[in-house]
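Colleague: Could you look at this predicted model? Sequence included:
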Amino acid sequence: MSKYKSIAVIYGSDSSEWEVSCRSGEFVASAIDDSVYDIYEVFARFGVWQLVACRRRNAMRVTFPEGARPEIDKNDFSVNVLGNKVKFDFAYVVQHGAPGENGQLQGYLEMTGVPFSSCGSFVSAIAFDKYACKSFVRGSGLVKCAPDAYVHRGDDLSEFCAKVAASLKFPVFSKPTQGGSSFGVTMVKTPEELPEAIQFAFTEDSMVLVEQGISGRELTCAAYKDANGVHALPPIEIVTDNDYFDYDAKYNGHSSEICPAPISAEETAELQKTTSALYSYLGCKGLVRMDYILASDGLYFLEVNTIPGMTSASLVPKMVREAGLSFTDFLSTIIENS
(Lines give C-alpha, C1' and ligand atoms only; values in the text may rest on other atoms or scores of the structure.)
Protein backbone atom coordinates (compact mmCIF):
# COMPACT_ATOMS: atom_id res chain seq x y z
CA MET A 1 0.00 0.00 0.00
CA SER A 2 1.33 3.44 -0.93
CA LYS A 3 2.46 5.93 1.69
CA TYR A 4 1.17 8.79 -0.49
CA LYS A 5 -1.94 9.83 -2.38
CA SER A 6 -1.33 13.25 -3.98
CA ILE A 7 1.92 13.67 -5.94
CA ALA A 8 3.01 17.12 -7.10
CA VAL A 9 5.41 16.93 -10.06
CA ILE A 10 7.31 20.24 -10.02
CA TYR A 11 8.94 21.40 -13.26
CA GLY A 12 10.09 24.57 -14.95
CA SER A 13 12.91 26.55 -13.31
CA ASP A 14 14.57 29.94 -13.08
CA SER A 15 17.51 28.81 -15.23
CA SER A 16 18.30 28.38 -18.91
CA GLU A 17 17.22 24.75 -18.55
CA TRP A 18 13.56 25.51 -17.86
CA GLU A 19 12.24 24.24 -21.19
CA VAL A 20 14.12 20.94 -20.87
CA SER A 21 12.73 20.72 -17.33
CA CYS A 22 9.19 21.04 -18.65
CA ARG A 23 9.71 18.17 -21.07
CA SER A 24 11.18 16.03 -18.29
CA GLY A 25 8.38 16.90 -15.89
CA GLU A 26 5.61 16.20 -18.36
CA PHE A 27 7.13 12.80 -19.17
CA VAL A 28 7.51 11.87 -15.49
CA ALA A 29 3.93 12.97 -14.74
CA SER A 30 2.62 10.88 -17.64
CA ALA A 31 4.44 7.78 -16.40
CA ILE A 32 3.54 7.85 -12.69
CA ASP A 33 1.03 5.14 -11.81
CA ASP A 34 -2.41 6.77 -11.83
CA SER A 35 -4.02 3.65 -10.43
CA VAL A 36 -2.20 4.44 -7.18
CA TYR A 37 -1.63 8.21 -7.11
CA ASP A 38 -3.35 11.48 -8.00
CA ILE A 39 -0.82 13.42 -10.08
CA TYR A 40 -0.65 17.22 -10.13
CA GLU A 41 1.68 19.07 -12.51
CA VAL A 42 3.11 22.27 -11.02
CA PHE A 43 4.89 24.77 -13.26
CA ALA A 44 7.21 26.88 -11.11
CA ARG A 45 9.25 29.77 -12.48
CA PHE A 46 10.50 32.96 -10.80
CA GLY A 47 8.34 32.47 -7.73
CA VAL A 48 5.07 31.86 -9.57
CA TRP A 49 3.81 28.33 -8.93
CA GLN A 50 0.70 27.26 -10.82
CA LEU A 51 -1.18 24.04 -11.45
CA VAL A 52 -1.02 23.33 -15.17
CA ALA A 53 -2.66 19.88 -15.21
CA CYS A 54 -3.90 17.08 -12.98
CA ARG A 55 -4.66 13.41 -13.45
CA ARG A 56 -6.61 11.79 -10.68
CA ARG A 57 -6.61 8.07 -10.15
CA ASN A 58 -8.01 6.18 -13.14
CA ALA A 59 -9.21 9.40 -14.77
CA MET A 60 -8.31 11.57 -17.76
CA ARG A 61 -5.66 14.28 -17.56
CA VAL A 62 -7.22 17.73 -17.11
CA THR A 63 -5.29 20.83 -18.21
CA PHE A 64 -5.75 24.43 -17.11
CA PRO A 65 -5.29 27.22 -19.69
CA GLU A 66 -2.98 30.17 -19.05
CA GLY A 67 -4.83 32.81 -17.09
CA ALA A 68 -6.97 30.22 -15.33
CA ARG A 69 -4.32 28.13 -13.62
CA PRO A 70 -4.84 27.65 -9.86
CA GLU A 71 -2.07 29.20 -7.76
CA ILE A 72 -0.14 26.96 -5.36
CA ASP A 73 -0.47 28.04 -1.72
CA LYS A 74 3.17 28.00 -0.54
CA ASN A 75 2.15 28.31 3.11
CA ASP A 76 1.25 24.64 3.25
CA PHE A 77 2.05 23.42 -0.31
CA SER A 78 -1.55 22.96 -1.39
CA VAL A 79 -3.87 24.03 -4.19
CA ASN A 80 -7.58 24.75 -4.54
CA VAL A 81 -9.02 22.81 -7.47
CA LEU A 82 -12.66 23.42 -8.35
CA GLY A 83 -13.49 24.38 -4.78
CA ASN A 84 -11.59 21.49 -3.19
CA LYS A 85 -8.35 22.01 -1.31
CA VAL A 86 -5.66 19.46 -2.15
CA LYS A 87 -2.69 19.12 0.21
CA PHE A 88 0.19 17.49 -1.63
CA ASP A 89 1.61 14.43 0.14
CA PHE A 90 4.80 14.18 -1.91
CA ALA A 91 6.82 16.29 -4.36
CA TYR A 92 8.53 14.74 -7.36
CA VAL A 93 11.14 17.39 -8.25
CA VAL A 94 12.03 17.69 -11.95
CA GLN A 95 13.43 21.23 -11.93
CA HIS A 96 16.76 21.30 -13.77
CA GLY A 97 18.83 24.20 -12.47
CA ALA A 98 17.81 26.67 -9.75
CA PRO A 99 15.87 26.47 -7.50
CA GLY A 100 15.09 22.76 -7.84
CA GLU A 101 18.62 21.46 -8.20
CA ASN A 102 20.64 23.78 -5.94
CA GLY A 103 18.88 22.97 -2.68
CA GLN A 104 16.55 25.95 -2.44
CA LEU A 105 13.37 24.05 -3.29
CA GLN A 106 14.48 21.16 -1.11
CA GLY A 107 14.94 23.57 1.80
CA TYR A 108 11.39 24.82 1.36
CA LEU A 109 10.01 21.28 1.25
CA GLU A 110 12.03 20.31 4.32
CA MET A 111 10.67 23.29 6.26
CA THR A 112 7.08 22.50 5.26
CA GLY A 113 7.54 18.81 6.10
CA VAL A 114 6.72 17.52 2.60
CA PRO A 115 8.65 14.40 1.49
CA PHE A 116 10.32 14.72 -1.92
CA SER A 117 12.12 12.65 -4.53
CA SER A 118 15.57 14.22 -4.69
CA CYS A 119 18.63 14.65 -2.48
CA GLY A 120 18.24 16.86 0.58
CA SER A 121 19.01 20.58 0.57
CA PHE A 122 22.62 20.31 1.77
CA VAL A 123 23.60 17.51 -0.61
CA SER A 124 21.82 19.24 -3.50
CA ALA A 125 23.71 22.48 -2.83
CA ILE A 126 27.08 20.69 -2.74
CA ALA A 127 26.35 18.56 -5.80
CA PHE A 128 25.10 21.48 -7.89
CA ASP A 129 28.35 23.42 -7.50
CA LYS A 130 30.83 21.63 -9.75
CA TYR A 131 33.90 22.86 -7.89
CA ALA A 132 32.50 22.13 -4.42
CA CYS A 133 31.33 18.70 -5.52
CA LYS A 134 34.67 17.77 -7.09
CA SER A 135 36.49 18.96 -3.95
CA PHE A 136 34.23 16.75 -1.84
CA VAL A 137 34.61 13.74 -4.14
CA ARG A 138 38.37 14.21 -4.45
CA GLY A 139 38.69 13.62 -0.71
CA SER A 140 36.87 10.28 -0.92
CA GLY A 141 39.64 8.37 -2.68
CA LEU A 142 36.95 6.54 -4.66
CA VAL A 143 37.70 7.98 -8.10
CA LYS A 144 40.14 10.27 -9.91
CA CYS A 145 39.37 13.96 -10.59
CA ALA A 146 40.93 16.08 -13.33
CA PRO A 147 43.17 19.01 -12.30
CA ASP A 148 41.26 22.30 -12.24
CA ALA A 149 41.11 25.90 -11.09
CA TYR A 150 38.26 28.29 -10.43
CA VAL A 151 37.71 32.02 -10.67
CA HIS A 152 35.14 34.47 -9.31
CA ARG A 153 33.64 37.28 -11.36
CA GLY A 154 35.68 40.38 -10.46
CA ASP A 155 38.97 38.51 -9.92
CA ASP A 156 42.02 39.47 -11.97
CA LEU A 157 41.27 37.48 -15.12
CA SER A 158 44.69 37.99 -16.73
CA GLU A 159 46.44 36.66 -13.63
CA PHE A 160 44.07 33.69 -13.45
CA CYS A 161 44.50 32.80 -17.13
CA ALA A 162 48.27 32.96 -16.76
CA LYS A 163 48.05 30.56 -13.79
CA VAL A 164 45.89 28.15 -15.82
CA ALA A 165 48.29 28.28 -18.79
CA ALA A 166 51.17 27.42 -16.46
CA SER A 167 49.46 24.65 -14.48
CA LEU A 168 46.96 22.89 -16.76
CA LYS A 169 47.36 21.13 -20.09
CA PHE A 170 45.19 22.29 -22.98
CA PRO A 171 42.54 21.70 -24.12
CA VAL A 172 40.65 22.74 -21.00
CA PHE A 173 36.93 23.16 -20.36
CA SER A 174 35.53 26.42 -19.04
CA LYS A 175 32.22 25.88 -17.21
CA PRO A 176 29.93 27.82 -14.90
CA THR A 177 30.22 26.09 -11.53
CA GLN A 178 26.43 25.96 -11.27
CA GLY A 179 24.22 24.90 -14.16
CA GLY A 180 23.59 22.07 -16.57
CA SER A 181 22.77 21.06 -20.15
CA SER A 182 26.20 22.48 -21.13
CA PHE A 183 24.95 26.08 -21.00
CA GLY A 184 28.00 28.37 -20.80
CA VAL A 185 30.50 25.55 -21.43
CA THR A 186 33.38 25.95 -23.88
CA MET A 187 36.15 23.61 -24.95
CA VAL A 188 39.25 25.84 -24.98
CA LYS A 189 42.11 24.67 -27.17
CA THR A 190 44.63 27.47 -26.61
CA PRO A 191 45.42 29.91 -23.76
CA GLU A 192 44.49 32.83 -26.01
CA GLU A 193 40.88 31.62 -26.19
CA LEU A 194 40.46 31.28 -22.44
CA PRO A 195 39.43 34.83 -21.38
CA GLU A 196 36.53 34.92 -23.85
CA ALA A 197 35.39 31.45 -22.77
CA ILE A 198 35.40 32.49 -19.12
CA GLN A 199 33.39 35.62 -19.89
CA PHE A 200 30.87 33.43 -21.70
CA ALA A 201 30.61 31.15 -18.66
CA PHE A 202 30.05 34.23 -16.47
CA THR A 203 26.76 34.79 -18.34
CA GLU A 204 25.45 31.72 -16.46
CA ASP A 205 27.12 32.05 -13.05
CA SER A 206 29.44 34.25 -11.01
CA MET A 207 31.99 31.45 -10.55
CA VAL A 208 33.72 29.52 -13.31
CA LEU A 209 35.55 26.19 -13.19
CA VAL A 210 38.39 25.59 -15.64
CA GLU A 211 39.09 21.88 -15.89
CA GLN A 212 41.86 20.06 -17.70
CA GLY A 213 40.47 17.92 -20.50
CA ILE A 214 40.88 14.16 -20.07
CA SER A 215 41.18 11.99 -23.16
CA GLY A 216 39.01 8.91 -22.95
CA ARG A 217 35.51 7.49 -23.27
CA GLU A 218 32.58 9.41 -21.82
CA LEU A 219 30.40 7.25 -19.60
CA THR A 220 27.41 7.86 -17.37
CA CYS A 221 25.73 5.72 -14.75
CA ALA A 222 22.70 6.28 -12.53
CA ALA A 223 21.97 5.00 -9.05
CA TYR A 224 18.89 4.86 -6.86
CA LYS A 225 17.82 3.38 -3.54
CA ASP A 226 15.07 0.95 -2.66
CA ALA A 227 14.23 -1.04 0.46
CA ASN A 228 17.20 -3.35 -0.22
CA GLY A 229 19.85 -0.64 -0.61
CA VAL A 230 21.59 1.30 -3.39
CA HIS A 231 21.53 -0.03 -6.96
CA ALA A 232 23.34 1.15 -10.09
CA LEU A 233 21.65 0.98 -13.49
CA PRO A 234 23.35 -0.19 -16.71
CA PRO A 235 25.89 2.45 -17.83
CA ILE A 236 25.80 4.34 -21.12
CA GLU A 237 28.66 5.41 -23.36
CA ILE A 238 28.21 8.75 -25.11
CA VAL A 239 29.84 9.16 -28.52
CA THR A 240 29.42 12.63 -29.98
CA ASP A 241 29.87 14.01 -33.49
CA ASN A 242 31.03 17.30 -31.94
CA ASP A 243 34.22 18.12 -30.05
CA TYR A 244 32.45 17.23 -26.81
CA PHE A 245 28.96 16.46 -25.44
CA ASP A 246 27.61 20.02 -25.75
CA TYR A 247 24.01 21.28 -25.87
CA ASP A 248 23.79 20.64 -29.62
CA ALA A 249 25.00 17.08 -29.19
CA LYS A 250 22.64 16.45 -26.27
CA TYR A 251 19.44 17.81 -27.75
CA ASN A 252 19.85 18.04 -31.53
CA GLY A 253 20.81 14.46 -32.34
CA HIS A 254 24.56 14.89 -32.76
CA SER A 255 25.53 12.04 -30.46
CA SER A 256 25.03 8.34 -29.95
CA GLU A 257 24.09 7.01 -26.53
CA ILE A 258 25.03 3.35 -26.38
CA CYS A 259 23.27 1.34 -23.69
CA PRO A 260 24.68 -0.79 -22.24
CA ALA A 261 28.11 0.80 -22.67
CA PRO A 262 30.35 -1.47 -24.79
CA ILE A 263 33.00 -1.83 -22.08
CA SER A 264 34.32 -4.93 -20.37
CA ALA A 265 32.47 -6.67 -17.55
CA GLU A 266 35.24 -5.58 -15.18
CA GLU A 267 34.96 -1.94 -16.26
CA THR A 268 31.16 -2.07 -15.95
CA ALA A 269 31.43 -3.53 -12.45
CA GLU A 270 33.95 -0.84 -11.41
CA LEU A 271 31.76 1.93 -12.81
CA GLN A 272 28.63 0.68 -11.03
CA LYS A 273 30.52 0.06 -7.78
CA THR A 274 32.01 3.57 -7.89
CA THR A 275 28.62 5.15 -8.63
CA SER A 276 26.95 3.32 -5.74
CA ALA A 277 29.82 4.19 -3.40
CA LEU A 278 29.71 7.89 -4.36
CA TYR A 279 25.92 7.88 -3.91
CA SER A 280 26.39 6.74 -0.31
CA TYR A 281 29.46 8.92 0.32
CA LEU A 282 27.64 12.08 -0.79
CA GLY A 283 24.50 11.13 1.13
CA CYS A 284 22.25 11.07 -1.92
CA LYS A 285 18.66 9.92 -2.06
CA GLY A 286 16.20 9.38 -4.86
CA LEU A 287 17.70 9.03 -8.33
CA VAL A 288 21.03 10.55 -9.38
CA ARG A 289 23.23 10.22 -12.46
CA MET A 290 27.01 10.52 -12.43
CA ASP A 291 29.22 11.34 -15.41
CA TYR A 292 32.76 10.08 -15.97
CA ILE A 293 35.66 9.81 -18.40
CA LEU A 294 37.27 6.38 -18.67
CA ALA A 295 40.91 7.17 -19.51
CA SER A 296 43.92 4.91 -20.01
CA ASP A 297 44.94 5.50 -16.37
CA GLY A 298 41.52 4.95 -14.82
CA LEU A 299 38.10 6.43 -14.18
CA TYR A 300 37.69 10.21 -13.78
CA PHE A 301 34.66 11.82 -12.13
CA LEU A 302 33.05 14.74 -13.98
CA GLU A 303 29.88 15.64 -12.09
CA VAL A 304 26.74 14.38 -10.39
CA ASN A 305 23.25 15.21 -11.65
CA THR A 306 20.77 15.14 -8.78
CA ILE A 307 17.86 15.95 -11.14
CA PRO A 308 18.84 14.09 -14.32
CA GLY A 309 16.99 14.56 -17.58
CA MET A 310 13.80 12.50 -17.71
CA THR A 311 12.34 12.96 -21.19
CA SER A 312 11.46 9.84 -23.17
CA ALA A 313 14.81 10.17 -24.98
CA SER A 314 16.90 10.95 -21.88
CA LEU A 315 19.71 8.79 -20.54
CA VAL A 316 18.07 7.48 -17.36
CA PRO A 317 14.89 6.13 -19.03
CA LYS A 318 17.18 4.27 -21.47
CA MET A 319 19.06 2.75 -18.53
CA VAL A 320 15.80 1.73 -16.86
CA ARG A 321 14.59 0.03 -20.04
CA GLU A 322 17.93 -1.76 -20.46
CA ALA A 323 17.66 -3.03 -16.88
CA GLY A 324 14.35 -4.65 -17.83
CA LEU A 325 12.37 -2.48 -15.42
CA SER A 326 8.96 -0.92 -15.97
CA PHE A 327 9.46 2.85 -15.93
CA THR A 328 6.15 3.30 -14.09
CA ASP A 329 7.20 0.80 -11.42
CA PHE A 330 10.62 2.44 -11.24
CA LEU A 331 9.04 5.84 -10.48
CA SER A 332 6.91 4.19 -7.79
CA THR A 333 10.11 2.81 -6.26
CA ILE A 334 11.64 6.30 -6.19
CA ILE A 335 8.49 7.79 -4.64
CA GLU A 336 8.09 5.13 -1.97
CA ASN A 337 11.80 5.03 -0.98
CA SER A 338 12.86 8.70 -1.07
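Modeller: Sure thing, it's come through.
Colleague: Quick check: the gap between the residue with the largest distance to the centre of the chain and residue 122.
Modeller: Taking CA atoms, centre = their mean, the residue of the chain most remote from its mean C-alpha position is residue 83, at 35.7 Å. According to CB to CB, to the nearest Å, residue 83 and residue 122 sit 39 Å apart. All C-beta atoms are positioned from the backbone trio N, CA, C, and that covers glycine.
Colleague: do the same with residue 142
Modeller: 20 Å.
Colleague: Check which element follows the helix or strand where residue 24 lies along the chain.
Modeller: Taking DSSP states H and E as the definition, residue 24 sits inside helix 18-31. Once the chain leaves helix 18-31, the next helix or strand it forms, by DSSP H and E, is strand 38-45.
Colleague: Tell me the buried residues in whichever helix or strand comes after that following strand?
Modeller: Tracing the chain C-terminally past strand 38-45 and defining elements by DSSP H and E, one meets strand 48-55 next. Neighbour-count burial for strand 48-55 flags 49-55 (criterion: 16 or more other CB atoms under 10 Å).
Colleague: Could you do stretch 202-218 as well?
Modeller: Within stretch 202-218, the residues that count as buried by 16+ other CB under 10 Å are 202, 204-205, 207-214, 218.
Colleague: follow-up on the earlier one: which strands and helices sit next to the helix holding residue 24?
Modeller: Helix 18-31 is packed against strand 6-11, strand 38-45, helix 327-337, with contacts defined by 3 or more CB pairs under 8 Å, 6 or more residues apart in numbering; DSSP states H and E.
Colleague: Need the residues that contact the last one.
Modeller: It stands for helix 327-337. Helix 327-337 has contacts (CB atoms under 8 Å, 6 or more residues apart in numbering) with 2-4, 7, 28, 31-33, 36-37, 90, 92, 117, 224-227, 286-287, 317, 320-321.
Colleague: the helices in this protein, which residues?
Modeller: Under the criterion DSSP state H, the chain contains helices at 18-31, 104-112, 121-128, 130-138, 157-167, 194-201, 247-251, 265-282, 315-322, 327-337.
Colleague: Residue 174: which of those is closest?
Modeller: Closest approach to residue 174 among these is made by helix 194-201 (4.0 Å; CB to CB).
Colleague: residues in contact with the closest one?
Modeller: Residues outside helix 194-201 that contact it (CB under 8 Å, 6+ apart) are 151, 157-158, 160-161, 164-165, 172, 174-176, 184-186, 188, 208, 210.
Colleague: are any of these buried, and which?
Modeller: Those of those that meet the buried threshold are 151, 157, 160-161, 164, 172, 174-176, 184-186, 188, 208, 210, by 16+ other CB under 10 Å.
Colleague: From residue 266, how far off is residue 86?
Modeller: Look at residue 86 and residue 266: by CB to CB, they are 50 Å apart.
Colleague: Who has more neighbours out of these two?
Modeller: Taking other CB atoms under 10 Å, residue 86 and residue 266 do not tie; residue 86 has more neighbours (21 against 8).
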